[in-house]
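Chemist: When you get a sec, could you give me coordinates for this:
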Amino acid sequence: MSLALQVSDVKARFGDLEILKGVDIDVPFGEVHVLMGPNGSGKSTLCHVLMGKTDYEATGSALVDGTEVLGLPVDERARAGLFEAFQYPVEVPGVSLDDLISEMGEVREDPGFADRVEAAAEALDMERFRQRAVNNDLSGGEKKRSEMFQLAVAKPKVAILDEVDSGLDIDAVREVAHLVEELRSDDLGVLIITHYSRILRYMKPDKIHVMVAGKVVRTGGPEIAAELEASGYVDLVDGEATVSAPDVTPFDV
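Modeler: Here you go, the predicted structure:
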């Protein structure tokens, strides 16, 4: 089975604070995996480290379709096939969504890019947003839909969806879950980061990884979500020291 993302023994520090303590996660092409865990367990830190946020000192290995991305600049990680949908999508006044997509197309050698843009815009009902500034005056659900549009157009090898259900009402959560399922592809591996199980009621993840105190302490099937819904993280946290990730802001890419 070919791996879209292979994370091996990734450790990360923020100053003197050790946050990630040796994380191992494999996400094959064609699969949707979920990383769950309590607040402060290091989930978003892993996302920041994979995407190249410079606040962290990181070691280990992260392969995107066999290409090592740790140590690469952010733009080179993106070119290697890594994509992030942000927990809090940034508003970009003065730059239309079409402008953003056009810039994306200019750095790609992809003869099918224009056709994919039109197909994704129609499928995701994005035509009415294309001339508007990126994420400006959009609802939480509309912002997440815009992110899914960008994901469909970018056609990465790995998509990391950081707290994709954050701040959404139940209808928007259901919609985002359906969008993720629709974007499933043999050419894409998806890692969803969340601490709620509600989005999993509307989708079928292939595996769930549970992170506690900077380590993956359990990996299994969708049944793990039901167990966590019933008992929470108390049993898993017991005996593990929690870590608190620093308060950092998203970076612009």
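
Chemist: isn't there a strand covering R79?
Modeler: No: R79 is assigned helix when assessed by DSSP: H, G, I helix; E, B strand; the rest coil, not a strand.

Chemist: Phi and psi next, for the closest residue to it other than its chain neighbours.
Modeler: Excluding the flanking residues, the one nearest R79 by C-beta to C-beta, 6 or more residues apart in numbering is V107, at 7.6 Å. Backbone N, C-alpha and C define where each C-beta goes, glycine included. Dihedral angles of V107 (phi, psi; degrees, to the nearest 10) stand at phi -100, psi 10.

Chemist: Tell me how many other residues surround V107.
Modeler: V107 has 10 neighbours, counted by other C-beta atoms under 10 Å.

Chemist: again, but for S146
Modeler: By other C-beta under 10 Å, neighbour count at S146 equals 22.

Chemist: Please look at it and P89 and confirm they touch.
Modeler: Yes: contact status for S146 versus P89: in contact at 7.0 Å, counting by C-beta atoms under 8 Å.

Chemist: between these two, what contacts are shared?
Modeler: Taking C-beta atoms under 8 Å, 6 or more residues apart in numbering as the criterion, S146 and P89 both touch N135.

Chemist: Surely S41 and V216 touch.
Modeler: No: assessed by C-beta under 8 Å, S41 is found out of contact with V216, at 9.8 Å.

Chemist: what about those two, which has more around it?
Modeler: S41 (30 against 21).

Chemist: Any chance you could list what contacts the host helix or strand of L151?
Modeler: Following DSSP states H and E, one finds L151 within helix 140-154. By C-beta under 8 Å, 6+ apart, the residues outside helix 140-154 that reach it are 83, 85-86, 89, 97, 100-101, 104, 113, 116-117, 120-121, 123-126, 129, 134-135, 138, 159, 164, 167-169, 171-172, 175-176, 179-180, 183.

Chemist: again, 6 Å this time
Modeler: Helix 140-154 is contacted by residues 83, 85, 89, 101, 116-117, 120, 124, 126, 135, 159, 167-168, 172, 176, 179, 183 when judged by C-beta atoms under 6 Å, 6 or more residues apart in numbering.

Chemist: Return the helix or strand in this protein with minimum mean pLDDT.
Modeler: Within the chain, confidence by mean pLDDT, DSSP states H and E is lowest for helix 234-237 among all helices and strands, at a mean of 72.

Chemist: So what touches that helix?
Modeler: So helix 234-237 is contacted by 212, 217 (C-beta under 6 Å, 6+ apart).

Chemist: go with 7 Å
Modeler: For helix 234-237, contacts defined as C-beta atoms under 7 Å, 6 or more residues apart in numbering pick out 38, 210, 212, 217-218.

Chemist: ok, Q6 - contacts?
Modeler: Contacts here follow C-beta under 7 Å, 6+ apart; on that basis Q6 touches 26, 63.

Chemist: that's a helix at it, yeah?
Modeler: No: under three-state DSSP, Q6 falls outside any helix and is assigned strand.

Chemist: Only alpha carbons, please: show the least confident helix or strand of the chain as CSV.
Modeler: The C-alpha trace of helix 234-237 is given here as CSV (Å, rounded to 0.1, in the frame of the first residue of the first chain):
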residue,chain,number,x,y,z
VAL,A,234,-9.8,10.3,30.9
ASP,A,235,-8.6,6.7,30.8
LEU,A,236,-6.0,7.5,28.1
VAL,A,237,-4.8,10.6,29.8
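
Chemist: follow-up on the earlier one: just the closest of the contacts of helix 234-237 to G232, please.
Modeler: The shortest approach to G232 among the contacts of helix 234-237 belongs to P38, at 8.2 Å (C-beta to C-beta).

Chemist: so the closest one sits right up against Y233, yeah?
Modeler: Yes: the pair P38 / Y233 is scored as a contact, 4.5 Å apart, by C-beta atoms under 7 Å.

Chemist: okay, and the common contacts of those two?
Modeler: Residues within reach of P38 and of Y233 at once, by C-beta under 7 Å, 6+ apart, are V212.
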